[in-house]
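Asker: any chance you could fold what I've pasted below:
(one chain, ligands or ions: 2)
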Amino acid sequence: MKISFIGGGNMASALIAGLVGRLAAGPDIQVVDPNSEALHRLNGQYGVNTAETIGARVGESEVVVLAVKPQQMREVAAALRPQLAQSRPLVLSIAAGIRGADLSRWLGDYGAIVRCMPNTPALVGMGVTGMVAMPGVSEKQKAAADSILRAVGKTVWLADESLIDPVTGVSGSGPAYVFYFMEAMQQAALELGLSAEQGKELALETFRGAAQLAAQSSEPVEVLRERVTSKGGTTYAAITSMEQAGVKQAIVEAVKAAAARGRELGEQMGRDA
Ligand SMILES: NC(=O)C1=CN([C@@H]2O[C@H](COP(=O)(O)OP(=O)(O)OC[C@H]3O[C@@H](n4cnc5c(N)ncnc54)[C@H](O)[C@@H]3O)[C@@H](O)[C@H]2O)C=CC1
Ligand SMILES: O=C(O)[C@@H]1CCC=N1
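Answerer: Ligands and ions are numbered 1, 2, ... in the order given. Below is the predicted model:
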């Protein structure tokens with residue numbers, strides 16, 4: 001499968017790392033990015049082809065992944081537009097916020113667009129991606145999009161494009177919340193006299209183990225939490241402290257803020273389009 005990535009930054013690198021060696025037929029990947037250092041690194045690590053500007057090779061691709069910042073999407077779409085006539089590739093946009101209808105218009109009323117919201121654990125094959133197909137996407141193209149994102153983790157298809165912003169809030173940005181929680185646990189470990197290494201291992205294995213337990217258990221996470229929490233015991237002291245500080249509500253608000261920012265970016269970028 002011939003895939004072109006437009007943008008070779010953090011998320012593209014995570015997808016490429018996950019894809020190389022995971023897709024049954026090794027993909028033929030080209031990355032376009034004006035940043036020559038990023039290209040050099042990607043070529044060295046994954047042996048991908050590189051180019052600093054969008055050229056004819058992009059037009060020969062079956063799939064084009066748009067992995068630039070939302071603010072760059074319109075300009076990139078204008079450069080991409082003349083190349084689409086050749087192979088009519090499937091366009092996968094991973095940009096937060098950018099609405100399918102705006103992207104379609106910028107590409108010249110192009111229909112074959114799937115909006116995806118992946119996350120960086122794709123780098124280790126454990127990503128999760130929310131996806132929605134625009135009306136011009138064929139079943140075959142939908143299956144191709146699914147196979148690419150499934151090579152780097154799980155996929156969740158959405159019935160409505162408006163659900164992409166909530167997915168962005170929950171899982172697109174989600175790894176950052178987990179790392180933030182881990183930072184706090186590691187800081188506490190240090191303040192309580194454990195070494196940095198011990199704190200890191202204890203926090204990391206607790207996350208890994210708890211996630212695996214939640215994945216394998218038929219019980220809801222509330223029940224799993226209650227099983228750790230003896231009345232009047234240590235966990236009870238910790239959860240009471242978090243409840244008093246409003247931690248759960250703060251997390252709910254944070255996820256909603258991320259979703260709202262996605263929506264706002266889409267509105268801003270789509271304005272005057
Ligand atoms: N980082 C993450 O965890 C996730 C990011 N995303 C989305 O992925 C997209 C990229 O985000 P990141 O990789 O984090 O950003 P990044 O800043 O790491 O990468 C963007 C890349 O685009 C390149 N670029 C700029 N102008 C270009 C142009 N005209 N043509 C080609 N390349 C160009 C930059 O040089 C840079 O390497 C964003 O739209 C973001 O919303 C989606 C899910 C998760
Ligand atoms: O922070 C961002 O805007 C991107 C989208 C989801 C994760 N990172």
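Asker: enumerate the residues of the stretch 151-273 of the chain near ligand 2.
Answerer: When proximity is defined as CB under 6 Å from any ligand atom, the stretch 151-273 of the chain approaches ligand 2 at 168, 172-173. To be clear about C-beta, it is placed using only N, CA and C from the backbone, and glycine gets the same treatment.
Asker: out of those residues, who's nearest ligand 1?
Answerer: G172 (4.4 Å; CB to the nearest ligand atom).
Asker: thinking again about what came up before, filter the residues of the stretch 151-273 of the chain next to ligand 2 down to the ones in strands?
Answerer: If you go by DSSP state E, these have nothing in strands.
Asker: filter those residues down to the ones close to ligand 1.
Answerer: Filtered for proximity to ligand 1 (CB under 6 Å from any ligand atom), those shrink to G172.
Asker: residue boundaries of the strands in the stretch 51-200 of the chain?
Answerer: If you assign secondary structure with DSSP state E, counting those that start in this stretch, the strands in the stretch 51-200 of the chain sit at 63-66, 90-93, 113-117, 127-133, 153-157.
Asker: would TSV of those with mean pLDDT be doable?
Answerer: TSV is the format used below for those (pLDDT from 0 to 100):
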stretch	mean pLDDT
strand 63-66	97
strand 90-93	97
strand 113-117	98
strand 127-133	98
strand 153-157	98
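Asker: and of those, who's closest to I3?
Answerer: Go through these one by one with CB to CB and the one that ends up closest to I3 is strand 63-66, at 4.7 Å.
Asker: count of neighbours near the residue in the stretch 151-273 of the chain that ligand 2 sits nearest to?
Answerer: Nearest residue of the stretch 151-273 of the chain to ligand 2, counting by CB to the nearest ligand atom: G172, 3.5 Å away. Summarising burial for G172: neighbours were counted as other CB atoms under 10 Å, giving 26.
Asker: what's the answer for L123, then?
Answerer: Other residues near L123 come to 19 when the count uses other CB under 10 Å.
Asker: distance check, it against V152.
Answerer: Noted for L123: a distance of 8 Å to V152, by CB to CB, to the nearest Å.
Asker: do G169 as well
Answerer: In this structure, G169 lies at 20 Å from V152, with CB to CB as the measure.
Asker: more neighbours: the two, which one.
Answerer: When G169 and V152 are compared on other CB under 10 Å, the one with more neighbours turns out to be V152, at 26 against 23.
Asker: residues contacting the more buried one?
Answerer: Shown here is V152, whose contacts under the criterion CB atoms under 8 Å, 6 or more residues apart in numbering are 14-15, 18-19, 22, 118, 122-123, 125, 127, 129.
Asker: how far away is it from D146?
Answerer: Computed with CB to CB, the distance linking V152 and D146 is 12 Å.
Asker: and if you look at Q86?
Answerer: Counting by CB to CB, the gap from Q86 to D146 is 24 Å.
Asker: the two: which has the busier surroundings?
Answerer: D146 (17 against 12).
Asker: contact partners for the residue lying closest to that one once chain neighbours are set aside?
Answerer: Spatially, and ignoring its direct neighbours in sequence, D146 is nearest to T155 (5.5 Å; CB to CB, 6 or more residues apart in numbering). When the contact criterion is CB under 8 Å, 6+ apart, the partners of T155 are 128-129, 131, 146, 149.
Asker: now those: which count as buried?
Answerer: Among the contacts of T155, those buried by neighbour count (16 or more other CB atoms under 10 Å) are 128-129, 131, 146, 149.
Asker: phi, psi for whatever residue of the stretch 1-150 of the chain ends up closest to ligand 1 please.
Answerer: Relative to ligand 1, the nearest point of the stretch 1-150 of the chain is G9 (1.8 Å; CB to the nearest ligand atom). The phi/psi pair for G9 (degrees, to the nearest 10) reads phi -90, psi -150.
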